[in-house]
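*Asks:* here you go, sequence then predicted model.
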Amino acid sequence: MSAIVKRSVAIRGHRTSLSLEQPFFDRLVAIAARRQISLAALIAEVDEARPKDANLSSALRVHVLEDALTFHD
């Protein structure tokens with residue numbers, strides 16, 4: 001089991017923190033690379049699309065899962 005790592009990122013001009021297990025973070029980096037966008041841009045997209053009562057870290061995990069169910073790389 002992977003430990004949760006807390007990270008700080010800047011999205012849309014403000015700093016926010018997120019807590020993700022390393023495999024989820026690694027997949028986010030891979031998704032951003034595949035889409036040729038920055039990690040911050042990907043996180044901002046997920047942040048913008050998530051329900052306002054949803055936790056950003058949880059929304060990022062769901063995004064990774066949805067991507068894994070769609071793309072097999």
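*Replies:* Happy to help now that I have it. Residues are numbered from 1 along each chain as shown.

*Asks:* how near is D53 to S8?
*Replies:* Distance of D53 to S8, computed by CB to CB, to the nearest Å: 22 Å. All C-beta spots, glycine's among them, are computed from the backbone N, C-alpha and C.

*Asks:* of the two, who's got more company?
*Replies:* Higher neighbour count among D53 and S8: S8, with 8 against 5, using other CB atoms under 10 Å.

*Asks:* ok, so what distance separates V5 from S58?
*Replies:* Taking CB to CB as the criterion, V5 is separated from S58 by 15 Å.

*Asks:* wait, I meant L18
*Replies:* Going from L18 to S58 by CB to CB gives 10 Å.

*Asks:* quick one, which of these two is more surrounded?
*Replies:* Counted by other CB under 10 Å, L18 and S58 do not tie: L18 has more neighbours, with 24 against 13.

*Asks:* show me what the more buried one is bridged to.
*Replies:* Beta-bridge partners recorded for L18 (DSSP bridges): R7.

*Asks:* so who does it touch?
*Replies:* Shown in contact with L18 (CB atoms under 8 Å, 6 or more residues apart in numbering): 6-7, 9, 43, 56-57, 60.

*Asks:* residues in contact with stretch 40-52?
*Replies:* 9-12, 16, 18, 28, 31-32, 35, 56, 59-60, 63.

*Asks:* tell me which of these has the lowest pLDDT.
*Replies:* Across these, the bottom pLDDT score, 84, is held by R12.
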